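Visitor: With the sequence up front, the predicted model follows.
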Amino acid sequence: MSANPSARLIVGNWKMNGGLGLLDVLAAELAGGGWTGRAVVCPPATLLGEAHRRLAPLGVEVGGQDCHVAERGAHTGDLSAALLAATGARHVIVGHSERRAAYGEADLQVRDKTLAAVEAGLSPIVCVGDTAEDRASGRAVEVVTRQVGAVLDGALNGRPWVLAYEPVWAIGSGRAATADDIAEMHAALRAVVGGATPILYGGSVTADNAGEIRACPEVGGLLIGGASLRPDQFAAILRGC
Ligand code: 13P
């Protein structure tokens, strides 16, 4: 299957993994260039500045994995979008299902984080996704479009943002969604968000399945967890763009 030429935003989410050694290996792996898409790496926040210094010369942008809703204040341990931006980050993931599950982040909080990100000049990567139960009960599209609707309610006012569909049951399971499921969900999401917003797919993307997933209609790129911790895999996916 030929790749969808617009599926060109490739984002690696390192989650709570990695270190300077992994940055070194990744920088060496990407040094030869060879891709035409847009690459973003989201390492742990402690590595953002160093990641930006090492990867920006290679044309790779960096992003955070979460931000607080407030601009500043008495929020021990939290990071505002402005603090992330000050490291050189240009993106931030918000509403990842791991945060929704572990910290009870709800739609309205995700909306507020999205707005905080755009106010700080970051491009938010807003994650939405259905659970296995949602899918089994036939409510997957309804749940996911509700999650997106909450964010749109916050009046993004035409500022750039990215949507990522990550079925919860596909994350870290080794079982990516099928091309049919991806096409169905991405069509539903496109109908909600309109024309310009890239819609990424995430969930068990590997170098082996990336080409097929990128070929699905309305897939604007990929959000990659485990395979982004393997610089050879991440580079192979990127060079497929
Ligand atoms: P995996 O690629 O490891 O399934 O993780 C996906 C993810 O959660 C990216 O945000």
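Guide: Done, it's in.
Visitor: Please identify the helix or strand for residue 54.
Guide: Using DSSP states H and E, residue 54 sits in helix 48-55.
Visitor: Kindly report the same for residue 200.
Guide: Residue-wise, residue 200 maps onto strand 199-202 under DSSP H and E.
Visitor: May I have the strands that pair with the helix or strand just after the helix holding residue 54, each with its orientation?
Guide: Using DSSP H and E, the helix or strand that follows helix 48-55 towards the C-terminus is strand 60-64. Strand 60-64 has the following strand partners under DSSP bridges: strand 38-42 (parallel), strand 91-94 (parallel).
Visitor: For strand 60-64, buried residues please.
Guide: Buried residues in strand 60-64, counted by 16 or more other CB atoms under 10 Å: 60-64. Every residue, glycine included, has its C-beta placed from N, CA and C.
Visitor: do the same with stretch 219-233
Guide: For stretch 219-233, by 16+ other CB under 10 Å, it's 219-231, 233.
Visitor: now swap in stretch 167-184 and tell me
Guide: Buried-residue list, stretch 167-184, by 16+ other CB under 10 Å: 167-171, 176-177, 179, 181-183.
Visitor: How about stretch 89-105?
Guide: Here stretch 89-105 shows 89-100, 105 as buried, counting by 16+ other CB under 10 Å.
Visitor: Just the CA atoms of it, as PDB, please.
Guide: Extracted in PDB, the C-alpha atoms of stretch 89-105 (Å, rounded to 0.1, in the frame of the first residue of the first chain):
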ATOM      1  CA  ALA A  89      10.100  22.800  23.100                       C
ATOM      2  CA  ARG A  90       7.500  23.600  20.400                       C
ATOM      3  CA  HIS A  91       4.900  20.900  21.200                       C
ATOM      4  CA  VAL A  92       3.300  19.300  24.200                       C
ATOM      5  CA  ILE A  93       1.200  16.100  24.500                       C
ATOM      6  CA  VAL A  94      -2.000  16.600  26.500                       C
ATOM      7  CA  GLY A  95      -4.700  14.300  27.500                       C
ATOM      8  CA  HIS A  96      -2.700  11.100  27.000                       C
ATOM      9  CA  SER A  97      -4.800   8.100  28.200                       C
ATOM     10  CA  GLU A  98      -2.100   7.200  30.700                       C
ATOM     11  CA  ARG A  99      -2.700  10.500  32.400                       C
ATOM     12  CA  ARG A 100      -6.400  10.400  32.100                       C
ATOM     13  CA  ALA A 101      -6.300   6.900  33.800                       C
ATOM     14  CA  ALA A 102      -3.600   7.600  36.400                       C
ATOM     15  CA  TYR A 103      -4.600  11.100  37.400                       C
ATOM     16  CA  GLY A 104      -8.300  11.200  36.500                       C
ATOM     17  CA  GLU A 105      -7.700  14.000  33.900                       C
END
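Visitor: now do the same end-to-end measure for stretch 99-109.
Guide: 11 Å (CA to CA, to the nearest Å).
Visitor: Same question for stretch 168-186.
Guide: Using CA to CA, the two ends of stretch 168-186 sit 15 Å apart.
Visitor: Let's test this: mean pLDDT of that stretch, rounded?
Guide: Across stretch 168-186, the average pLDDT comes to 97.
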